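Chemist: This is the structure alone, sequence omitted:
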């Protein structure tokens, strides 16, 4: 399914009374933080790696071909276990035979020590939150990770102003289950039809939020091609708004015009 950018000028003003965001790769540049942490945790094991080698290492880890993170969300593994299992996939692919249990536990510990030091918000986040504040539109976040872990991440990224935060442990549900989106709306004090959701995952965020009755916006920072969808989701997917950065959300909400009036 080819990406279609159906961005129109200010299609939602007056209809949106709250905005919910995904966190990782939407508000926070998690990929870069994880890539930096992988180097910190792995360089003693792979001392001859070049910058290009580390980029390949990070790409394979983040691709998560055996879907360990999704399986963690589904309750099959602990968070630490999925971290180690994903690392094992990469080291196995490299033919590194010394990644035993003890090495894995140190790798996980080193990774978790290093990652917070690189957590940063994307440059387009603060301007959008400032505009939402100026317009009096409340906002929050809904994430497919546990609340406390994501709370720390937001705070480290300088986003403590995001007070509403729903994690998978908040209602024992994960995206795309409507329940987790609806809890975000409840905490904002809005109904789904008055709420915009912005996230980087086409199916989990985009289609999931739309199926929960929200104004759904797919944030496609890297120009990904939208995946094929089931027949039942086809009409929903076709109606998603697509933006390439959060600056375009200002236009969807008419915030530039509003900001000029206040």
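Modeler: Arrived safely. Since the structure is predicted, the reported quantities are computational estimates derived from the model, not experimental observations.

Chemist: could you say which helix or strand contains residue 77?
Modeler: For residue 77, there is no enclosing helix or strand under DSSP states H and E.

Chemist: All further residue positions should be reported with the first residue as 373.
Modeler: I'll keep to 373 as the first residue from here, and by that count the last item is residue 449.

Chemist: What degree of burial does it show, as a neighbour count?
Modeler: 16 (other CB atoms under 10 Å). C-betas here are computed from N, CA, C, even on glycine.

Chemist: Helix or strand: which one has the residue lying closest to it once chain neighbours are set aside?
Modeler: Closest residue to residue 449 apart from its sequence neighbours, by CB to CB, 6 or more residues apart in numbering: residue 443 at 5.8 Å. If you go by DSSP H and E, residue 443 is part of helix 440-445.

Chemist: helices and strands around that helix, which ones?
Modeler: helix 451-466 (3 or more CB pairs under 8 Å, 6 or more residues apart in numbering; DSSP states H and E).

Chemist: Give me the helices and strands touching the helix it packs on, please.
Modeler: For helix 451-466, the packing partners by 3+ CB pairs under 8 Å, 6+ apart come out as helix 423-435, helix 440-445, helix 473-486.

Chemist: Now mean neighbour count and distance to residue 391 too, for the ones you listed, in TSV please.
Modeler: Shown next, in TSV, are the helices and strands packed on helix 451-466 (neighbours: other CB atoms under 10 Å; distance: least, CB to CB, whole Å):
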stretch	mean neighbour count	distance to residue 391
helix 423-435	14	26
helix 440-445	18	23
helix 473-486	15	30
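
Chemist: Output those in TSV; the columns should cover distance to residue 583 and mean pLDDT.
Modeler: Listed next are the helices and strands packed on helix 451-466 as TSV, based on distance: least, CB to CB, whole Å; pLDDT from 0 to 100:
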stretch	distance to residue 583	mean pLDDT
helix 423-435	26	95
helix 440-445	18	94
helix 473-486	34	95
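
Chemist: Could you dump those into TSV with distance to residue 535 added?
Modeler: Conversion of these to TSV gives the following (distance: least, CB to CB, whole Å):
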stretch	distance to residue 535
helix 423-435	29
helix 440-445	24
helix 473-486	25
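
Chemist: Which one of the ones you listed lies nearest to residue 507?
Modeler: The closest of the helices and strands packed on helix 451-466 to residue 507 is helix 440-445. By CB to CB, the value is 33.1 Å.

Chemist: in this structure, which spans are strands?
Modeler: Per DSSP state E, the chain carries strands over the ranges 390-393, 511-514, 536-538, 567-571, 587-591, 613-615.
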